[in-house]
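Visitor: fold the following for me, if possible:
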Amino acid sequence: MQPTSAYIAAPLIAFGVTPRLASETLTRIVAFDRAEASFANITQTNMVQVSSFNGLNGLLLGFDVLPQPLIQSDLLPHHPEVFSAEPLFEITRGVLGTISDQRFPIAPGQHVLCAYKTHHAVGPCAMYGAMAIAIPNDRAVNADLFMEDHGVLGPASDECHQKRGKAESLLESVSLIGENIGVQYRRVLISVQVRFVPEGSHGCVLTAAPYINLAKGAVPTRGLASLSDMSLADWEADVSDRFLGNHLSLPLDSALTSAHA
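Guide: Residues are numbered from 1 along each chain as shown. Below is the predicted model of the structure:
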């Protein structure tokens, strides 16, 4: 990727659960692969792990591209600067599609620069994956920040209380990173999600933000600039005839996104 290249960050949280195999290594691979396939389709990619900043040339899917209304976080309602990140995840799935609903997936075999982290756990347990997306006061000079957290909830029965605690920790970590680098963040988008892993199974939670370019076919009739104020429903109505699953005869460069490596 060239330093001046524009790109889009597509955030998500996903879980993969599989029966435990004789090989621990193979079990972890299968669980990770299921996580890649369980929410938005980011399968068949070679994810190259990078640090968690969305730079000056990066647009945020669901915030800058196909922007979603900001919804106050129900985890931290007393923090007016905190909003839910989950609408952004829905846009990631809406653009990339799923295994059964192919839209504009990343080209198979692509090397993808991706801010991502994983955590594995053996059931029975309640795994959690959490992400904060911090938007700086001045995006012309500072990058967006992704903060990720994973683990297993404790035995306490109050799941909501524990999720609120994880959200508080994410918000505190954003503040501390801001102190480290001298950046103030005006909005923080947070999500904490939980998945139960049954006994005899192995779970993997994946928080990720692949850095991609949109497929040509994903550009609406009114042009690229219209993506800055277009709803997901309007975008789908405009380009659905170009979805890979509906139109497999499309040229690959129109039906597949390209990724940065």
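Visitor: mind checking which helix or strand of the protein has the lowest mean pLDDT?
Guide: helix 252-255 (a mean of 57; mean pLDDT, DSSP states H and E).
Visitor: quick check on Ile212: phi, psi?
Guide: phi -130, psi 170 (degrees, to the nearest 10).
Visitor: need the helices for this protein, in chain order.
Guide: 24-38, 86-96, 159-181, 232-239, 252-255 (DSSP state H).
Visitor: out of these, which is the most enclosed?
Guide: Burial of the helices of the chain is given as mean neighbour count (mean count of other C-beta atoms under 10 Å); helix 86-96 ranks first at a mean of 22. Any C-beta I mention is one placed from the backbone N, CA and C, and that applies to glycine too.
Visitor: and that helix, what does it pack against?
Guide: strand 12-19, strand 185-197, helix 232-239 (3 or more C-beta pairs under 8 Å, 6 or more residues apart in numbering; DSSP states H and E).
Visitor: can you give me the angle it makes with helix 232-239?
Guide: Interaxial angle, helix 86-96 versus helix 232-239 (axes from the mean of the first three to the mean of the last three C-alpha atoms, to 10 degrees): 10 degrees.
Visitor: alpha carbons of helix 86-96, as PDB, please.
Guide: C-alpha atoms of helix 86-96 as PDB (Å, rounded to 0.1, in the frame of the first residue of the first chain):
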ATOM      1  CA  GLU A  86     -22.800  -1.900  16.200                       C
ATOM      2  CA  PRO A  87     -24.400   0.000  13.400                       C
ATOM      3  CA  LEU A  88     -21.000   0.300  11.800                       C
ATOM      4  CA  PHE A  89     -20.600  -3.500  12.000                       C
ATOM      5  CA  GLU A  90     -23.900  -3.900  10.200                       C
ATOM      6  CA  ILE A  91     -22.600  -1.700   7.300                       C
ATOM      7  CA  THR A  92     -19.500  -3.900   7.100                       C
ATOM      8  CA  ARG A  93     -21.700  -6.900   6.700                       C
ATOM      9  CA  GLY A  94     -24.000  -5.000   4.300                       C
ATOM     10  CA  VAL A  95     -21.200  -4.200   1.900                       C
ATOM     11  CA  LEU A  96     -19.000  -7.400   2.100                       C
END
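Visitor: what about it, distance to the chain center?
Guide: Between the centre of helix 86-96 and the centre of its host chain there is 8 Å, according to C-alpha atoms, centre = their mean, to the nearest Å.
Visitor: once you drop chain neighbours, what's closest to Ala215?
Guide: Phe104 (4.2 Å; C-beta to C-beta, 6 or more residues apart in numbering).
Visitor: ok, now how distant is that neighbour from Trp235?
Guide: Relative to Trp235, Phe104 is positioned 11 Å away (C-beta to C-beta, to the nearest Å).
Visitor: swap in Leu60?
Guide: Distance from Leu60 to Trp235, by C-beta to C-beta: 16 Å.
Visitor: equivalent analysis for Leu88, please.
Guide: Distance from Leu88 to Trp235, by C-beta to C-beta: 15 Å.
Visitor: check Ser157 too.
Guide: As judged by C-beta to C-beta, Ser157 and Trp235 stand 42 Å apart.
Visitor: remind me which residues of the stretch 101-250 of the chain are low pLDDT?
Guide: 247-250 (pLDDT under 70).
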